[in-house]
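1. Got a predicted structure plus its sequence, pasted below:
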Amino acid sequence: MPELPEVETVRRGLAPVLVGHSFKRVEQRRADLRFPLPQNFGARLRGRKVVSLERRGKYLIAHLSGGEVLLMHLGMSGRFTVHVPAKPGKTAGGRVSTAQSHANPKHDHVVFHMEQGAVVTYNDPRRFGFMLLIPAPELAHHPLMQGLGVEPLGPELTPDYLARRAAGKAVDLKAFLSDQRIVAGLGNIYVCEALFRAGLAPTRPAANLARKDGRPREHARRLAGALRAVLKDAVAAGGSSLRDYRRADGALGEFQHAFTVYDREDQACVRPGCRGTVRRIVQGGRATFLCPKCQR
DNA sequence: CCACAGGCCTGCAGGC
DNA sequence: TGCCTGCAGGCCTGTG
C-alpha cells in the first residue's frame, strides 16, 4: 500500500539506476493501467535521459530530456523491481527490488531497459497505478497536480496551516487528513498512525483544530508534530510494506513492525500504562484503527 | 462463494 | 443557484 514513505523509498531506490541514464528500450506489455498508457509510449521514451526523479505526495515525477515529464503513480499494488546486470570481471550483480520476490510476472506491465544495463520492471496486479507523459510546462497545471496539499515533511506543514484549512470543515479528522488537497501523501495507514501519536480521535470534527483559544489549538500542534514524526520514522525504516532497494537480502521495509494501531484490532494499546484495546471502526467505507482510551 | 484490502475518481442525494 | 458533505460504486486482483 504505497503511501508517502513507500513512494519515497521507491524514489530513492530508482534514482541511482534512472537519473543520468537514458532509456534504451521500453517494453509496454498492455495498453492500459488505470488510464491508457501514452500513445507510442516506448518510442517516446527511447533515447531520453532521466534528468531528475522527484516525489510529490504519492506521485513520482521523472523529468526527461526533451522537455517532457513522466508522471507515475503506484496506485494500490504498483511495484518496481530493479535488476542490475553483473559487471564483467566483478562480483555478480543482483536483483535489488522494492517488490516481493514472488511478484507474478504476468502483472509485469512496463519494463524499462536502460542504456547502462539496468532493467526496471513495473508490476501492478490491480492496475490502479498509471504512467503519463506530460510536457514539462504543463505539469504544474495538470489536474492531478493542481490543488495538491502541502508536503508533510516540508516547511509548509505547520499547526497554523492545519488550523486554517480545517476552519469551518464539517468532516472528521480521518477524512480531513485523507484528503490529498490538504496534505499530500497520506493514506489509510499513516492517517491512523498519526492520529494515534497525536492522541486525537479520528471521529473528531476537523473544525476543532481551528479554534484559537485554549487547549484545542494545542491539537493542531500535536497533529502537525505527529504527522511529521510518523512519516519521518517510516521513511527512515524504508517504508512499511515494500522491499528495500538498498538491501541485497531483500529484507522487508521495517516500519510495518512499528505500527501502533494499524491492523492491530483487539490487541493491547502499545502506550505504556494504557490498558486500552485497539478498535477497528469504519469511516467513509474504510477501516480506521484507534485506541479509544488514548485518542479523544 | 464472499468480504476485504486500499487510492482516487465519479455520481448522486441531501442540507444549508 | 451552488457548494459542501457523506454516501455508494467502480476500477482490479490476491488472500483468507
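-> Cool, the structure landed. In this text, all values refer to a predicted model and were calculated from it rather than measured experimentally.

2. element containing the closest residue to residue A:160 other than its chain neighbours?
-> The shortest distance from residue A:160 to any non-neighbouring residue, by C-beta to C-beta, 6 or more residues apart in numbering, is to residue A:220 (7.4 Å). For the C-beta atoms, the positions are set from N, CA and C on the backbone; glycine is no exception. Element membership of residue A:220, judged by DSSP states H and E, is helix A:216-236.

3. The helix or strand containing residue A:131 pairs with which strands, parallel or anti?
-> Assigned by DSSP H and E, residue A:131 falls within strand A:130-135. Strand A:130-135 pairs in its sheet with strand A:68-73 (antiparallel), by DSSP bridges.

4. just checking, what packs against the helix or strand that comes right after the strand it pairs with?
-> Going down the chain from strand A:68-73, the next helix or strand is strand A:79-83, by DSSP H and E. Identification of packing neighbours for strand A:79-83 by 3 or more C-beta pairs under 8 Å, 6 or more residues apart in numbering; DSSP states H and E yields helix A:4-18, strand A:95-97, strand A:119-123.

5. let's see it at 6 Å
-> Using 3 or more C-beta pairs under 6 Å, 6 or more residues apart in numbering; DSSP states H and E, the elements in contact with strand A:79-83 are strand A:95-97, strand A:119-123.

6. can you tell me which of those strands the model trusts least?
-> Here the lowest mean pLDDT among the helices and strands packed on strand A:79-83 goes to strand A:95-97, at a mean of 50.

7. close to DNA strand C, is whichever helix or strand comes after it?
-> As assigned by DSSP H and E, the chain's next helix or strand after strand A:95-97 is strand A:108-114. No. Applying C-beta under 7 Å from any atom of the strand, one finds strand A:108-114 separated from DNA strand C by no less than 10.6 Å.

8. now strand A:108-114 against helix A:4-18, angle please.
-> Between the axes of strand A:108-114 and helix A:4-18, defined by axes from the mean of the first three to the mean of the last three C-alpha atoms, to 10 degrees, the angle is 40 degrees.

9. got the residues of chain A near DNA strand B?
-> A:1-3, A:34, A:57-58, A:73, A:75-77, A:126, A:128, A:144, A:178, A:180, A:187-189, A:262-263, A:280, A:286-287.

10. returning to that earlier point: for the helix or strand just after the strand holding residue A:131, list every residue counted as buried.
-> Later in the chain than strand A:130-135, the nearest helix or strand by DSSP H and E is helix A:159-166. Residues of helix A:159-166 classed as buried by neighbour count (16 or more other C-beta atoms under 10 Å): A:159, A:161, A:162, A:163, A:165, A:166.
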